[in-house]
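K.L.:
The sequence and its predicted three-dimensional model are supplied below.
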Amino acid sequence: MSNNDDCLLSVESLRAYHTTKRGILRAVDDVSFKLKRGEALGIFGESGAGKSSIALSILGLFNDLSRFYASSSGDEKSKRLWQLYDKAKSAGKRFEDLDQELPGVWGNIIFDGKDLLSLTEKEMRKIRGNEITYVPQGLAGSLNPYTEIELQTAEALWAHDDDDILWEKEVARRVLEVLDLVEIGDVDIRKTLKPGEFSLGEDQRILIAMALIMQPKLMIADEPTTAVDVGVQRRILDAIALAREKMNLALILISNNQGTIAQSVEKVAVMSAGKFMEFGDVTTVFKRPGHPFTRAFIMSNPPMELIRKIREKGMRIRGIPGSLPDMVNPPSGCPFHPRCKFAIDTCRSEIPEFREVESEHWVACHRYEELPAMEF
Ligand code: SF4
């Protein structure tokens, strides 16, 4: 959604489907966006909306994970569908060429001129953890509790040193540099400590340091501030902001927390049921949300500074009625229609086009022009 030549990442018509015993689950369903070098995009939406599946698709991990679910379920039909996927891919088929829906990742993901979906696993491994890095959701399993943070932070450097050119001194210097960048205090002394000897917020910042050590072009951070208090949140986001500034780092920040997104990115995509509902600059989308889902989602869990404004306007904070749509059997038409107070017959039968309603602002709603204005 940016025409700039300095495009780092272009995602086009991305679909990422799982198999389940009930049928195909559309985790990501026809999503497109572009990201320039050094730019930051937030992906904002409910849990289960498909946000992390976009990250896994870019990282080349979605298919392996999905195949693992399919094989551990023991479902024969799922296994057959994955065989058909392999056959279709080796025949060079695109999603549009299929005569039945198949699992896996479809569409185009072009990163820094490379077509990621056509790379072998060996080629992808050179990009993942190097040019594109990932800060996972939560700490569980991400840090080794028995290994000193100095060694853990250096791991990616050694792993990508295929030509054996790195010197220990250089590695030590870069480890100190990134740990310092994320503000791990007294790093000279504390670098030999293990994760349990740091606070929760410091452990999270060590994960960010590990993602930065390769000086990536793109970092994907998946809910990096979950389960920490506001002060710790701020320090984590400050560390990310500083890294962006120093490294011209592009960022995809996944979160269901409006404050986290608003503080850290320039653009935001609002996601529900595997689709983008709204896309635009963060001020426009959060101040004058155009899509009924964006409005309802903001109203269901507003940041502290919005609560007062909402009350002054005589509005009530309340959850979105109903539940997430079933992504195996999604509702016809607009996926939000069962929960939308503005729904009309057209909404129930026709999928709304994702259209540019004003410059650089996209909304997928049949009734955008008729909706009452809303400003926070
Ligand atoms: S298309 Fe209809 S149901 Fe969907 S958000 Fe707009 S008004 Fe609501």
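P.N.:
Good, I have the coordinates. Residues are numbered from 1 along each chain as shown.
K.L.:
Point me to the residue sitting closest to the centre of this structure.
P.N.:
I254 (4.1 Å; Cα atoms, centre = their mean).
K.L.:
Residues in contact with the top helix by length along the chain: which ones?
P.N.:
Longest helix in the chain by number of residues (criterion: DSSP state H): helix 230-247. For helix 230-247, contacts defined as Cβ atoms under 8 Å, 6 or more residues apart in numbering pick out 38, 40, 181-183, 199-201, 204-205, 208, 212, 215-216, 219, 221, 224-225, 228, 249, 251, 253, 259-260, 263-264. No exception for glycine: its C-beta is placed from N, CA and C like everyone else's.
K.L.:
what element comes up after it heading to the C-terminus?
P.N.:
Using DSSP states H and E, the next helix or strand after helix 230-247 towards the C-terminus is strand 250-255.
K.L.:
Does anything pack onto that next one? Which helices or strands?
P.N.:
The helices and strands touching strand 250-255, judged by 3 or more Cβ pairs under 8 Å, 6 or more residues apart in numbering; DSSP states H and E, are strand 23-36, strand 40-45, helix 51-58, strand 218-222, helix 230-247, helix 258-264.
K.L.:
For it, list the C-alpha coordinates in PDB.
P.N.:
C-alpha atoms of strand 250-255 as PDB (Å, rounded to 0.1, in the frame of the first residue of the first chain):
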ATOM      1  CA  ALA A 250      11.800  -1.900   9.500                       C
ATOM      2  CA  LEU A 251       9.400  -3.300  12.100                       C
ATOM      3  CA  ILE A 252       6.200  -5.300  12.100                       C
ATOM      4  CA  LEU A 253       4.700  -5.100  15.500                       C
ATOM      5  CA  ILE A 254       1.800  -7.500  16.300                       C
ATOM      6  CA  SER A 255      -0.400  -6.500  19.300                       C
END
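K.L.:
Span of stretch 352-361 from start to end?
P.N.:
With Cα to Cα, to the nearest Å as the measure, stretch 352-361 spans 15 Å from end to end.
K.L.:
ranges for the helices of the stretch 51-200 of the chain?
P.N.:
Using DSSP state H, counting those that start in this stretch, the helices of the stretch 51-200 of the chain run over residues 51-58, 62-73, 76-90, 121-127, 149-159, 168-181, 187-190, 200-212.
K.L.:
just to revisit the earlier point, got the angle for the longest helix of the chain vs strand 40-45?
P.N.:
Helix 230-247 and strand 40-45 are oriented at 140 degrees to each other (axes from the mean of the first three to the mean of the last three Cα atoms, to 10 degrees).
K.L.:
All set now, cheers.
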